[in-house]
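Trainee: How does the following fold in three dimensions:
(2 chains)
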Amino acid sequence: MLMEVKNQIYAIYLSIKYAFQRELLNKFTFLSNIIFMIINNACFIIQWVILYSIKDEVGGYSFKQVLLLWGVASFTFGISRFFFKEAFNLTDTINNGKLDNYLVQPKSVLISSITSSIEVSAIGDMLYGIVMIIVFGFTLKNVLLFLLCGICGALIIVSISIIFSSLSFWFGKTEIISETVNSLMINFSVYPEGIFTGIIRVMFYTILPLGITTYLPVRIISDFKFIYLLYLIIGTIIFVLLAFFVFYRGLRKYSSTNLMNARV
Amino acid sequence: MKKYLYIFKSEIMSNLQYAFDIFVGFIGYAVHIFIFLNLWEYIYSDPNELINGYSMSQMIWYVIVTEILWSALNGRKFNRRISEDVRTGNISYNINKPYNYVEYMLSSHLGITSFRFLLVTILGMVLGYIFLGSFPEISLLGIICVLISCLLATLISIFLIIGLGLFAFYIEDATPFYWLYSKMILLLGTIFPVEFFPTIIQPIIKYSPIFAVSIAPAKLFVDFSITTFLETLVIQLLYLLVCATIVHLFYKKGVKKLNVNGG
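Mentor: Residues are numbered from 1 along each chain as shown, chains lettered A, B, ... in the order given. From the prediction side, this is the model:
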């Protein structure tokens, strides 16, 4: 069991290493993707400067907390897109019979398929997140909590994408559902929780768990309570297990296609 | 001209087949409007309060119109289409055809955008009415003027996006330029009217392309006057002329650098 896990981690490491080397072939594009993504994220500071010039707090958040919110959202999103990029294309992988490649390998089908390529611009997201935590308050405790929250949040985002993409096993073309859920997760996560009310707030801790991926980490870092951290870890375990369960239940229904694909 | 009109019409006909898919794709638009509604409701403690001369209702209608223009355009996909054409060498199939590539892209994307504009406008107006309970006070003449301004804004946007996509002649991946452009439009032209920015940068925004492609039509819709329309018309026509000329020249220069290796 331990050997299997070790082998799987080594396979992921190699997959990411080779994908990284492939992307490095064109250094200008590689660097411009990262730099422009950082600038892209930083542009939003203008929006918040204007809003905070009108009101002292927005949705119960101070300006610094909004920067932290952006940091957490970017870092979490960055990790998920860099290490697990293909989790966001899983519907296409399932519908076009591309899982065949992974079924014949002696490794986890799910993990191998979602870690087969990387998103370079996501490095920009991760770096932006790190800059934001430095701006918020650079202490060892904050940095460690930030890293832990980022990893947990990314695992939840990836799990949600896997769960909704796995619907393709049963219903075929469901990319519109997974794409919509993924974009909702991004759109809502960069606005303070307090501006939303009612049923939407309930959704943030259930079907669209950005309450756990973004809002809870902001609370953990700015007002640490062990119980919040426990909620985050339990939430992560539940969503990851659910993702594995749904994917492998769906895999029983998987049938290949007659589409010829070449993996280069 | 006739061939471009034909391309325009055939894009509309082809998009009619996917009307439902396009409509479902506007969920993102509805979510943006919902987020801004919540945000402005929070910022405006009293709905009748004026912030920088705008009431809450005017602010939300402003965002609805700017987001209509942005969502109908689907610029990200269009920019990727042009970059990919250049990057993969697909553009070589268009060069030897009896039309100009830039004008082909303009008429094709105008066809797509027109149909999307119609659908997203219906959705935007319905959402605005549900959330706010009334439409802004605007006459029929005003609506016609706003539509003219929207058309000019779309034409300028299409030229600008073609221009950004053509950067692929010089660098392999031109998409980061588009990200930056889209963020500028979003921040300086979609979320806030120009009056929300510091006085020192207001003239810069007013005379930038952002005003012509986003701010002008939305401002006309929430606070219409014929004088503002005429001023807007002059600015938009000037930008259209300048953008069309630059993009045509840029294409002529860039296409000479094209190097396609079989395949």
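
Trainee: any idea how far the residue in chain B that chain A sits nearest to lies from A:Leu110?
Mentor: Using CB to the nearest CB, B:Pro176 is the residue of chain B that sits closest to chain A, at 3.3 Å. In short, each C-beta sits where N, CA and C put it, glycine included. As judged by CB to CB, to the nearest Å, B:Pro176 and A:Leu110 stand 31 Å apart.

Trainee: Which of those two has more residues huddled nearby?
Mentor: B:Pro176 (23 against 19; other CB atoms under 10 Å in any protein chain shown).

Trainee: doesn't the more buried one fall inside a strand?
Mentor: No: according to DSSP: H, G, I helix; E, B strand; the rest coil, B:Pro176 belongs to no strand; its state is helix.

Trainee: in the stretch 101-250 of chain A, what residue is nearest chain B?
Mentor: Counting by CB to the nearest CB, the stretch 101-250 of chain A gets nearest chain B through A:Ile195, at 4.5 Å.

Trainee: wait, that residue sits on B:Trp40?
Mentor: No: counting by CB atoms under 8 Å, A:Ile195 stays clear of B:Trp40, with 9.2 Å between them.

Trainee: which residue ranges form the strands in the stretch 1-150 of chain A?
Mentor: Using DSSP state E, counting those that start in this stretch, no strands are found in the stretch 1-150 of chain A.

Trainee: closest point of it to chain B, which residue?
Mentor: A:Phe36 (3.3 Å).

Trainee: contacting residues around that residue?
Mentor: Contacts for A:Phe36 (CB atoms under 8 Å, 6 or more residues apart in numbering or on different chains) come out as A:Ser121, A:Gly124, B:Pro176, B:Phe177, B:Trp179, B:Leu180.

Trainee: I'd like to know which of these are buried.
Mentor: With neighbours counted by 16 or more other CB atoms under 10 Å in any protein chain shown, the contacts of A:Phe36 contain buried members at A:Ser121, A:Gly124, B:Pro176, B:Phe177, B:Trp179.

Trainee: Mind telling me the two of those farthest from one another?
Mentor: Every pair in the buried ones among the contacts of A:Phe36 was compared (CB to CB); the two farthest apart turn out to be A:Gly124 and B:Phe177, at 14.6 Å.

Trainee: Tell me how far B:Leu5 lies from B:Tyr251.
Mentor: 21 Å.

Trainee: go on, B:Ser55?
Mentor: B:Ser55 is 45 Å from B:Tyr251, by CB to CB.

Trainee: Quick check on those two: which one has the bigger neighbour count.
Mentor: Shown here are B:Ser55 and B:Tyr251; by other CB under 10 Å, B:Tyr251 has more neighbours (21 against 17).

Trainee: Excluding chain neighbours, what is closest to that one?
Mentor: B:Val102 (5.1 Å; CB to CB, 6 or more residues apart in numbering or on different chains).

Trainee: For B:Asn96, give me its contacts.
Mentor: B:Asn96 neighbours (CB under 8 Å, 6+ apart): none.

Trainee: So for it, what pLDDT did the model give?
Mentor: Predicted confidence (pLDDT) for B:Asn96: 79.

Trainee: For the nearest residue to A:Leu51 once chain neighbours are set aside, give me the pLDDT.
Mentor: In space, and not counting its chain neighbours, A:Leu51 is closest to A:Val58: 5.6 Å by CB to CB, 6+ apart. As predicted, A:Val58 sits at a pLDDT of 91.

Trainee: A:Thr257 now?
Mentor: 68.

Trainee: do the same with A:Gly153
Mentor: 96.
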